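**Student:** predicted model and sequence below, questions to follow.
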Amino acid sequence: MTMQKSPLQIARQSYQPKMPRALRGNLRLTEGNKTQSVADQDDIQKLFPNTYGMPVITLETAAEVNTPKDAINVGVILSGGQAPGGHNVICGLFDGLKTMNKDSKLYGFLGGPSGLIDGKYEELTADIIDEYRNTGGFDIIGSGRTKLEETWQFDNGIEICNHLNIKAIVIIGGDDSNTNACVLAEYYKQKGCGIQVIGCPKTIDGDLKNAMIETSFGFDTACKVYSELIGNIQRDANSAKKYWHFIRLMGRSASHIALECALQSQPNICLISEEVEAKKMTLNDIVEDIVKVIVERSKAGMNFGTVLIPEGLIEFIPAMRVLIQELNDLLADNAEFAGLEGDDAKREYIKEKLTPASCELYRSLPKAIAKQLTMDRDPHGNVQVSLIETEKLLIEMVSKKLAQLKANGLYSGKFSAQHHFFGYEGRCATPSNFDADYCYSLGQTAVQLIAAGKTGYMSVVRNLTEPAEDWQAGGVPITMMMNMERRNGKLKPVIQKALVDLNGAPFKYFEKHRAAWADVNTSYIYPGPIQYYGPSEVCDQPTKTLLLEHGKM
Ligand code: FBP
């Protein structure tokens with residue numbers, strides 16, 4: 001049975017991603033100076049003796065004709081949450097490999113890193129690849145969150161790679177997956193098994209970025225989808241003039257998505273977790289700030305507005321962080337708690353075990369939210385922030401505060417609220433031209449690094465605020481991005497996660513304009529849906545975050 005497709009799906013199949021000059025024709029690879037990790041150099045060097053200090057690599061067009069390359073087999077893994085563009089990384093890998101030698105093969109490990117461990121794979125042929133060009137999702141081979149960190153897992157990987165004659169593995173993932181890619185690269189190099197490992201920077205959260213990586217792929221498309229929805233809601237709010245919309249946005253700990261959406265849509269309020277932490281704000285402080293804006297707008301008869309809330313907010317409120325930490329410790333492998341019958345018994349048990357300050361906070365929370373804080377932890381033992389309905393918590397607290405003000409004659413408006421959570425709506429969207437082009441280039445770049453025998457590198461494409469023609473491609477040693485951090489009580493080498501920089505240009509721009517956006521003179525922007533065809537200023541724009549970071553806005 002042939003699969004039915006929308007006209008856009010059909011059109012996107014034949015879209016040819018734009019590629020930088022640096023990836024076309026004959027190429028030369030140049031190496032820079034020896035590198036260092038961003039911090040904890042001695043520790044990182046000790047842990048990665050074989051992959052530490054390698055140079056940054058740049059790809060350039062060469063005058064000399066490249067010598068023909070041997071066929072090579074490569075395996076690819078999609079790791080973690082979906083991000084638009086993942087399929088194009090794989091298409092770029094496939095096309096790059098076949099251009100180099102038509103007998104090269106690309107294998108996809110199925111269902112994420114577990115595919116490598118359990119030897120589950122599929123050869124990706126031209127027919128399969130063509131079905132997925134420029135599409136969203138990770139369904140070509142599936143994804144998973146299994147952590148690659150034990151030697152027995154690495155050894156299983158060697159077995160399957162030897163069986164398939166795979167010389168390199170490409171791991172498409174976020175900061176943790178790329179950290180694991182680096183550990184794997186080091187292990188394989190130390191064993192001398194000849195398997196190279198290359199990473200690719202993926203995550204809608206935008207928190208895998210640093211001096212060498214300008215942005216992770218997927219952030220662009222996801223933010224554009226959410227901003228379209230926020231814009232639509234703002235039009236609705238401005239038309240009906242009767243609802244305050246509280247919109248929580250995915251992004252884990254970092255507020256990059258919320259900030260970018262605010263820059264694109266100019267809501268009345270956008271909370272930034274990193275600022276809440278820096279200012280040591282309490283939940284009550286946050287509620288009072290929101291209430292002030294609501295009261296002011298109500299004086300002008302504007303009983304409507306929008307509030308953007310980053311997913312990880314709750315963990316950045318200092319007292320909440322303490323409470324969550326106490327709950328993490330209390331509930332880890334706690335059979336006694338698991339055995340309790342009913343919500344009330346569980347609530348009582350928790351109240352007894354918490355410190356007095358945390359207990360008071362826990363009791364002050366709406367019961368539903370308090371319960372969400374005690375739900376199943378993720379594989380790292382942390383609370384799953386995507387399951388905590390902060391938008392409902394804030395609506396309830398704001399509503400209470402407004403009722404008090406009303407009782408005291410200090411507020412005469414009407415408060416009616418709607419809640420939303422945007423996350424899954426954007427993670428698998430058809431990639432924007434930016435992500436389609438960027439990802440395809442990341443895949444092609446990875447092939448060049450593999451062909452040059454490199455391992456422990458991340459494929460990078462830079463200069464992203466310029467036209468794709470002028471993008472720069474190359475490789476950055478993953479050890480260069482690492483530092484030591486305490487995880488689950490142990491010091492571990494990890495890639496530094498990038499949170500919103502309160503001194504950075506995107507936040508500064510937001511800070512300068514937010515009072516005007518909160519004001520009664522409506523400043524909403526309605527970004528509209530992602531456009532794939534049309535003038536470049538409509539179709540190929542990078543995020544505002546990137547533009548501001550590069551001084552282009
Ligand atoms: P990663 O890219 O880091 O894997 O996470 C993306 C993300 O969408 C987060 O924004 C969100 O908190 C999480 O995944 C949700 O996880 P799940 O897909 O397991 O529901």
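**Tutor:** That came in fine, so what should we check first?
**Student:** pretty sure Asn483 is in a strand, no?
**Tutor:** Yes. Under DSSP: H, G, I helix; E, B strand; the rest coil, Asn483 sits within a strand.
**Student:** Glu469 and Arg24, how far apart?
**Tutor:** To Arg24, Glu469 is 9 Å away according to Cβ to Cβ, to the nearest Å. (Each C-beta comes from the backbone N, C-alpha and C, glycine too.)
**Student:** quick check: pLDDT value at whatever residue of the stretch 451-553 of the chain ends up closest to the ligand.
**Tutor:** Closest to the ligand within the stretch 451-553 of the chain is Lys497: 9.6 Å, counting by Cβ to the nearest ligand atom. At Lys497, the model reports a pLDDT of 92.
**Student:** tell me the contacts of it?
**Tutor:** 175, 207-208, 253-254 (Cβ atoms under 8 Å, 6 or more residues apart in numbering).
**Student:** and if we set it to 6 Å?
**Tutor:** With contacts defined as Cβ atoms under 6 Å, 6 or more residues apart in numbering, the neighbours of Lys497 are 175, 207.
**Student:** and it, helix, strand or coil?
**Tutor:** In three-state terms, and counting by three-state DSSP, Lys497 is coil.
**Student:** same check, this time on Ser37
**Tutor:** Counting by three-state DSSP, the backbone at Ser37 sits in coil.
**Student:** I figured Ile106 hits Val74, correct?
**Tutor:** I think there's a mix-up here, since residue 106 is Leu and not Ile. Yes. Between Leu106 and Val74 there is a contact at 5.4 Å, judged by Cβ atoms under 6 Å.
**Student:** grab the nearest non-local neighbour of Ala39.
**Tutor:** Asn483 (3.9 Å; Cβ to Cβ, 6 or more residues apart in numbering).
**Student:** isn't the one you found up against Asp42?
**Tutor:** No. At 11.8 Å, Asn483 does not count as touching Asp42 under the criterion of Cβ under 6 Å.
**Student:** more neighbours, the two?
**Tutor:** Asn483 (16 against 9; other Cβ atoms under 10 Å).
**Student:** specify the beta-bridge partners of the more buried one.
**Tutor:** Here Asn483 sits in beta bridges with Val494, going by DSSP bridges.
**Student:** repeat for the one 4 residues further on
**Tutor:** Applying DSSP bridges to Arg487 gives these bridge partners: Lys490.
**Student:** return the residues of the protein in contact with the ligand.
**Tutor:** 80-81, 83, 174, 203-205, 250-252, 311, 386, 423, 427 (Cβ under 6 Å from any ligand atom).
**Student:** from the chain's centroid, how far away is stretch 43-62?
**Tutor:** The chain centroid and the centroid of stretch 43-62 are separated by 24 Å under Cα atoms, centre = their mean, to the nearest Å.
**Student:** cool, and stretch 68-88?
**Tutor:** 18 Å.
**Student:** for the residue in the stretch 301-450 of the chain positioned nearest to the ligand, what are its contacts?
**Tutor:** The ligand sits closest to Ser386 of the stretch 301-450 of the chain, with a gap of 4.1 Å, by Cβ to the nearest ligand atom. Applying Cβ under 6 Å, 6+ apart, we find Ser386 in contact with Glu311.
**Student:** just to be sure, it is in a helix?
**Tutor:** Yes. Assignment of Ser386 by three-state DSSP places it within a helix.
**Student:** pLDDT at it, what is it?
**Tutor:** Looking at Ser386, its pLDDT stands at 79.
**Student:** check this structure for its longest helix and report it.
**Tutor:** helix 219-240 (DSSP state H).
**Student:** list the helices and strands the helix or strand following that one packs on?
**Tutor:** With elements assigned by DSSP states H and E, the helix or strand that comes after helix 219-240 is strand 244-249. The contact analysis (3 or more Cβ pairs under 6 Å, 6 or more residues apart in numbering; DSSP states H and E) places strand 244-249 against helix 219-240, strand 305-310, helix 390-407, strand 417-422.
**Student:** again, only using 10 Å
**Tutor:** For strand 244-249, the elements it packs on are helix 219-240, helix 256-265, strand 269-270, helix 283-299, strand 305-310, helix 390-407, strand 417-422, judged by 3 or more Cβ pairs under 10 Å, 6 or more residues apart in numbering; DSSP states H and E.
**Student:** am I right that Glu122 sits in a strand?
**Tutor:** Yes. Note on Glu122: a strand contains this position according to three-state DSSP.
**Student:** how many residues are close by Ile128?
**Tutor:** When neighbours are counted by other Cβ under 10 Å, Ile128 comes out with 16.
**Student:** wait, doesn't it sit right on Thr135?
**Tutor:** No. Between Ile128 and Thr135 there is no contact under Cβ atoms under 10 Å: 11.9 Å.
**Student:** next, the buried residues of stretch 353-368.
**Tutor:** For stretch 353-368, burial by neighbour count (16 or more other Cβ atoms under 10 Å) applies to 353-354, 358-359, 361-362, 365.
**Student:** distance from the chain centre to it, please.
**Tutor:** Distance, centroid of stretch 353-368 to centroid of chain: 31 Å (Cα atoms, centre = their mean).
**Student:** pLDDT wise, what is the residue nearest to Ala39 at?
**Tutor:** We have a pLDDT of 96 for Asn483.
**Student:** what does the one 10 residues further on give?
**Tutor:** The confidence metric pLDDT takes the value 95 at Pro493.
**Student:** if I look at it, how far off is Arg21?
**Tutor:** According to Cβ to Cβ, Pro493 stands 36 Å off from Arg21.
**Student:** just Ser459 next, same as before
**Tutor:** Counting by Cβ to Cβ, the gap from Ser459 to Arg21 is 17 Å.
**Student:** more neighbours, the two?
**Tutor:** Between Ser459 and Arg21, Ser459 has the larger neighbour count (other Cβ under 10 Å), namely 30 against 14.
**Student:** that one touches Met212, doesn't it?
**Tutor:** No. Under the criterion of Cβ under 10 Å, Ser459 makes no contact with Met212, lying 11.2 Å away.
**Student:** now do the shared contacts for the two.
**Tutor:** By Cβ atoms under 10 Å, 6 or more residues apart in numbering, Ser459 and Met212 have these common neighbours: 201, 474-476.
**Student:** pull the most distant pair out of these.
**Tutor:** Spatially, the most separated pair among the shared contacts of Ser459 and Met212 is Pro201 and Gly474, at 13.0 Å (Cβ to Cβ).
**Student:** which residues do the two both contact?
**Tutor:** Common contacts of Pro201 and Gly474 (Cβ under 10 Å, 6+ apart): 212, 458-461.
**Student:** with pLDDT added, can I get the residues you listed in a markdown table?
**Tutor:** What follows is the shared contacts of Pro201 and Gly474, written out as a markdown table (pLDDT from 0 to 100):
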| residue | pLDDT |
| --- | --- |
| Met212 | 94 |
| Met458 | 98 |
| Ser459 | 98 |
| Val460 | 98 |
| Val461 | 98 |
